[in-house]
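Chemist: Next one to model:
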Amino acid sequence: FSPGHSALRVVLLGIRNAQASILVAAYEFTSRPIADALVSAAHRGIKIYLVADREESTKPYSLVRSLACQGVQVRLNGNYRNLHDKFMVIDGLHVETGSFNFTAGADRSNAENAMLLWNVKAMAETYAMEWRRLWDEGQDVQPGG
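Modeler: From the prediction side, this is the model:
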């Protein structure tokens, strides 16, 4: 739960334990610790794919475009008033989900929750199907653009 960093620790634990891939769906993305963990995972060979809300990602504090410049494949989806999802599918087997936005405010100021479900293949497949739908609707963010 947050505030108090325990929700952030849950998200970081999932990222750090990834072996092959992480599919991320995000509304807001301003958390430097989460961004750094994703970039670190990408540098160790983990395939990272992020689909994010188009409007939120254009705001100056968003780290989405920065992630695209650092080895994360990013698409923006503007088909909804809010792409309000915040979840990760890790290695096609584990799911991180909850109300926790990937933001500094969620960690420090909001009452939020995050949970990491290990070895839930059927659930991971369902989340991955929804992630794929959002990804397919999105448009690529090119590094530097």
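Chemist: any idea where the helices of this protein begin and end?
Modeler: 6-16, 32-43, 54-57, 64-68, 104-108, 121-137 (DSSP state H).
Chemist: can you give me the mean pLDDT across the first one?
Modeler: In other words, helix 6-16. The pLDDT scores in helix 6-16 average 97.
Chemist: Nearest residue to the spatially most central residue of the chain in space, please, no chain neighbours.
Modeler: Closest residue to the average C-alpha location of the chain: V24 at 3.5 Å, with Cα atoms, centre = their mean. Leaving out its chain neighbours, the residue that sits closest to V24 by Cβ to Cβ, 6 or more residues apart in numbering is L50, at 4.3 Å. Every C-beta, even on glycine, is put in place using the N, C-alpha and C of the backbone.
Chemist: Check R108 too.
Modeler: For R108, ignoring the flanking residues on the chain, the nearest one in space by Cβ to Cβ, 6+ apart is P3 at 5.5 Å.
Chemist: gap between that neighbour and E28?
Modeler: 16 Å (Cβ to Cβ, to the nearest Å).
Chemist: Check C69 too.
Modeler: Going from C69 to E28 by Cβ to Cβ gives 19 Å.
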